[in-house]
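Chemist: Give me coordinates for this.
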Amino acid sequence: MPAYNAARHIASVIDRMPESVWPNVNNFWIINDGSTDETGNVIDELSHANAAIKPQHFDRNKGYGEAVRQGLELCKVDRCDAALCLHADGQYPPESLPQLAAKVFNDGYDIVQGSRIASKTALSGGMPLYKFVANRSLTFFENIVFGLKMTDYHSGYLIYSRKALESIPFDTLSAGFDFDLEVIACARARSLKIGEVPIQTRYADEISHLNPIRYGLRVVGVMINYFLGRYK
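Modeler: Numbering: from 1, shown residues only. As a prediction, this is how the structure comes out:
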């Protein structure tokens, strides 16, 4: 769980995780990405209440991609069978974790992304119209470039098989929000099996730290780099 200034939401996200999941959790790494609010204290308190929760604190903000990379590297070390990235702000439903895991363990997928578009709840769940339009436009071109039939490349709610953890060179990927798309590009370049699961959309009072214009340009850059074979 990458966490930046998310003190108001982390505890409720963890509370919403299905009870059936916890017996199978080796470690729940929460990466505090140099937060300036009470995020660090909240994480420490949660770890005292639940031994599976392991805090990692950055002394400064290093970026979303760096926080996710740190978590995935820790998962590789603890020899888990799969690793899931769950955001701290509550935008992505922890209740859907079993469905994402089933695609890996039962259906043999290596990368599975939660799709807000496939659930047809994007707009009703509060996704701003400009984000919806941008998502659909980028996804159209991403499917052409990657040769897939995904409905949403940008949720960031991803589960990784052990094969994916060992195959993808996380240390070479972006420290920014385009990290997740670079993961998909690397997985596709390595012929890993990629899929998605519909998830409910929820936009509430969380604060987005993503600059949409900068992010859009980075997405285009990832597609160009994939086309040029730089993820092989």
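
Chemist: what's the burial count for the closest residue to residue 96 other than its chain neighbours?
Modeler: Distances taken as Cβ to Cβ, 6 or more residues apart in numbering place residue 199 nearest to residue 96, at 4.7 Å, with adjacent residues excluded. All C-beta spots, glycine's among them, are computed from the backbone N, C-alpha and C. Residue 199: 26 surrounding residues under other Cβ atoms under 10 Å.

Chemist: what's the answer for residue 190, then?
Modeler: For residue 190, using other Cβ under 10 Å, the count is 15.

Chemist: distance of it from residue 130?
Modeler: Residue 190 sits 34 Å away from residue 130, going by Cβ to Cβ, to the nearest Å.

Chemist: Residue 142 touches residue 226, doesn't it?
Modeler: No. If you go by Cβ atoms under 8 Å, residue 142 and residue 226 don't touch, sitting 9.2 Å apart.

Chemist: SS state for the residue lying closest to residue 79 once chain neighbours are set aside?
Modeler: Computed as Cβ to Cβ, 6+ apart, the closest residue to residue 79 that is not its neighbour in sequence is residue 26, at 7.6 Å. With DSSP: H, G, I helix; E, B strand; the rest coil as the basis, residue 26 sits in coil.

Chemist: Tell me where this structure has strands.
Modeler: With DSSP state E as the definition, the chain shows strands at residue ranges 2-3, 28-32, 53-57, 82-85, 111-115, 158-161, 194-198.

Chemist: Now do the first one: everything it contacts.
Modeler: Think strand 2-3. Applying Cβ atoms under 8 Å, 6 or more residues apart in numbering, the external contacts of strand 2-3 come out as 10, 30-33, 35, 39, 43, 64, 67-68, 71, 85, 87-88.
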